[in-house]
Structure formats: C-alpha cells, structure tokens
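Asker: Have a look; sequence and predicted model below, questions after that.
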Amino acid sequence: MVKRFVSVSFNSLLVVLFVLFLAAVFLIVQGRMNPDQVPSLFGHHPLTVLSNSMEPEFSAGDMVIAKQVNPETIETGDVITYYDEESQIITHRVIETTTENGEAVFQTQGDNNNVEDDYVVAANQVIGTVNFSLPYGGYAAEFLGSPLGMVLFIIIPVFALVGITIYERLGKDEEDSEQSEQTI
C-alpha cells in the first residue's frame with residue numbers, strides 16, 4: 001500500500017515537472033524565434049524582476065506573470081509591465097490614467113521610488129497587467145534553464161520514472177508467474 005502511494009506520488013510529481021518542462025521549452029523556443037517579442041503562454045508573460053523599484057510588492061529575483069489586457073481596462077493602482085522609451089521591460093504601478101490624442105496613457109511609478117517616472121506609457125507600449133507573482137521564481141527559472149538545473153530536475157526524474165516503471169512491470173510479472181504456479 002505504501003509502495004503504491006509512493007509510486008503514484010512520484011509519478012504525479014514527474015508529470016507536473018514534465019508539463020513545466022514543456023512550457024519552459026515552448027517559451028524558450030518562442031523567445032528564440034521572435035526575439036523582439038516577450039514570450040507568452042496563453043497570453044501570460046513570465047518575467048523576472050531585476051530591480052527593487054517595486055518593493056515591498058516585488059523584489060529582485062521574483063517572477064511576475066503579466067497578462068495581456070485591453071489597455072482601456074487599466075486603472076489607477078494597477079501594476080503594469082511595459083516597454084520604456086529605450087525598449088527595456090519595466091513593471092511599475094499606474095498612478096494616473098489620462099488620454100492623449102484619443103489614446104489612453106499611463107503615468108507610472110515604482111512603489112519604492114520617491115518620484116514618478118519621467119515619461120508616460122502609451123497603450124501600445126503595455127505588455128500586460130501583473131496578476132500573479134512568485135517570490136524567488138526568477139532565480140528558480142534561471143537555475144532550471146541552466147545545464148545543472150536541467151539535469152537535476154528533468155533528466156534524473158525521467159530516468160527515475162523509467163526505472164520505476166520497469167521495476168513495477170518486473171514485479172507484476174513475478175507476481176503473475178507465482179500466482180499461475182500456485183494455481184497449477
């Protein structure tokens with residue numbers, strides 16, 4: 001019974017890791033094929049925070065998930081991810097929403113900054129609104145993308161799954177042969 005529980009738990013963990021691996025590979029391939037666009041999975045962009053401008057909300061090394069939205073739905077207080085004037089990706093809070101030439105524009109500021117950003121963000125610069133964060137997730141993503149991370153979290157579990165499957169099948173074959181010998 002315990003052996004079966006451990007086997008099912010381990011197999012479930014391996015399936016989850018495999019799905020995460022496939023998502024990571026998809027994002028990496030997408031990023032390499034379209035280097036001028038932020039990779040996304042179903043309209044969600046996983047991004048690593050690089051500075052502490054949004055502390056205490058997010059710290060450097062955290063991962064944020066920015067969801068693509070219609071810029072007209074963005075309100076004051078929302079945290080948005082956008083391209084700045086130098087095409088760098090920034091995540092800051094909207095402190096004011098206005099309209100210029102019939103288009104929504106946003107004044108932003110980092111929570112940990114004393115002054116607002118010295119530019120406004122146009123609707124076409126917005127990548128999305130942040131609706132989820134994972135503390136230290138950026139560090140984890142960087143590690144998982146490294147050769148050592150791939151070995152520890154992908155290759156070893158796959159070999160373990162294959163080994164457990166072979167072990168279970170051999171065990172069933174032995175049980176079946178013992179049962180057939182007892183009935184004869």
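Answerer: Received, thanks.
Asker: quick one, domains of the chain?
Answerer: Domain assignment for the chain, taken from automatic domain parsing, gives 1-37+146-179, 38-140.
Asker: so which of those is the most packed in?
Answerer: Ranked by average neighbour count under the criterion mean count of other CB atoms under 10 Å, those are headed by domain 38-140 at a mean of 16. Just so you know, the C-beta spots here come from the backbone N, C-alpha and C atoms, and that holds for glycine as well.
Asker: Now do it: distance from first to last residue.
Answerer: Using CA to CA, to the nearest Å, one end of domain 38-140 lies 19 Å from the other.
Asker: Of all residues in the chain, which one is nearest the centre?
Answerer: Nearest residue to the geometric centre of the chain (CA atoms, centre = their mean): P46, 4.4 Å.
Asker: I'd say that one and K67 touch.
Answerer: No: under the criterion of CB atoms under 8 Å, P46 is not in contact with K67, lying 10.8 Å apart.
Asker: can you list the weak-confidence ranges in the protein?
Answerer: Under the criterion pLDDT under 70, the flagged ranges of the chain are 1-3, 7, 14, 17, 20-35, 37, 39-40, 172-184.
Asker: can you list contacts of the strand ranked longest in it?
Answerer: For the chain, the strand reaching the highest residue count under DSSP state E is reported as strand 89-100. Outside strand 89-100, the residues within contact range by CB atoms under 8 Å, 6 or more residues apart in numbering are 38, 47, 49, 53-54, 57-58, 64, 66, 74-84, 104-111, 116-117, 120, 122, 127, 130.
Asker: What pairs with it, parallel or antiparallel?
Answerer: Looking at strand 89-100 with DSSP bridges, its partner strands are strand 79-83 (antiparallel), strand 103-109 (antiparallel).
Asker: can I get the CA coordinates of it in PDB?
Answerer: Written as PDB, here are the backbone C-alpha positions of strand 89-100 (Å, rounded to 0.1, in the frame of the first residue of the first chain):
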ATOM      1  CA  ILE A  89      10.800  46.000 -19.900                       C
ATOM      2  CA  ILE A  90       9.600  47.800 -16.800                       C
ATOM      3  CA  THR A  91       7.000  46.800 -14.200                       C
ATOM      4  CA  HIS A  92       5.500  49.700 -12.200                       C
ATOM      5  CA  ARG A  93       2.200  50.900 -10.700                       C
ATOM      6  CA  VAL A  94      -0.100  53.200 -12.600                       C
ATOM      7  CA  ILE A  95      -0.600  56.300 -10.600                       C
ATOM      8  CA  GLU A  96      -2.600  58.300 -13.100                       C
ATOM      9  CA  THR A  97      -4.600  57.500 -16.300                       C
ATOM     10  CA  THR A  98      -5.200  60.200 -18.900                       C
ATOM     11  CA  THR A  99      -5.900  60.500 -22.600                       C
ATOM     12  CA  GLU A 100      -3.600  61.900 -25.300                       C
END
